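**Student:** for reference, the sequence and a predicted model appear below.
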Amino acid sequence: MKQSEIVNLSVAELQDQLNQLTSTYNSLKSSHAVSPIENPLQIKSIRRSIARVKTELSKRELQ
């Protein structure tokens with residue numbers, strides 16, 4: 001998810017997106033631990049998307 005897309009979301013949508021990304025990340029990590037997944041760069045991409053969403057949420061809390 002790109003930063004320009006994240007800025008346009010509301011706080012509730014950001015929370016939903018964060019929950020969805022976190023569950024996806026956890027499932028990818030566990031499946032990768034059992035057997036290597038096809039594209040391990042997905043894990044890196046999702047982790048960075050989680051960080052972007054968390055950064056935007058904390059930025060909005062400070063305003």
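**Tutor:** Perfect, I can see it now. Residues are numbered from 1 along each chain as shown.
**Student:** with adjacent residues omitted, what lies nearest to the residue nearest to the spatial centre of the chain?
**Tutor:** In the chain, the centroid-proximal residue (CA atoms, centre = their mean) is Ile50; its distance is 2.7 Å. The spatial neighbour of Ile50 that comes closest, neighbours along the chain excluded (CB to CB, 6 or more residues apart in numbering), is Leu21 at 5.0 Å. All C-beta atoms are positioned from the backbone trio N, CA, C, and that covers glycine.
**Student:** enumerate every residue touching that neighbour.
**Tutor:** By CB atoms under 8 Å, 6 or more residues apart in numbering, the residues touching Leu21 are Met1, Ile46, Ser49, Ile50, Val53.
**Student:** quick one: which of the residues you listed has the most company?
**Tutor:** Neighbour counts for the contacts of Leu21 (other CB atoms under 10 Å) peak at Val53, which has 24 neighbours.
**Student:** what's the neighbour count on the closest residue to it other than its chain neighbours?
**Tutor:** In space, Val53 comes closest to Leu18 once its chain neighbours are excluded; the distance is 4.8 Å by CB to CB, 6+ apart. Residues near Leu18, counting by other CB under 10 Å, number 17.
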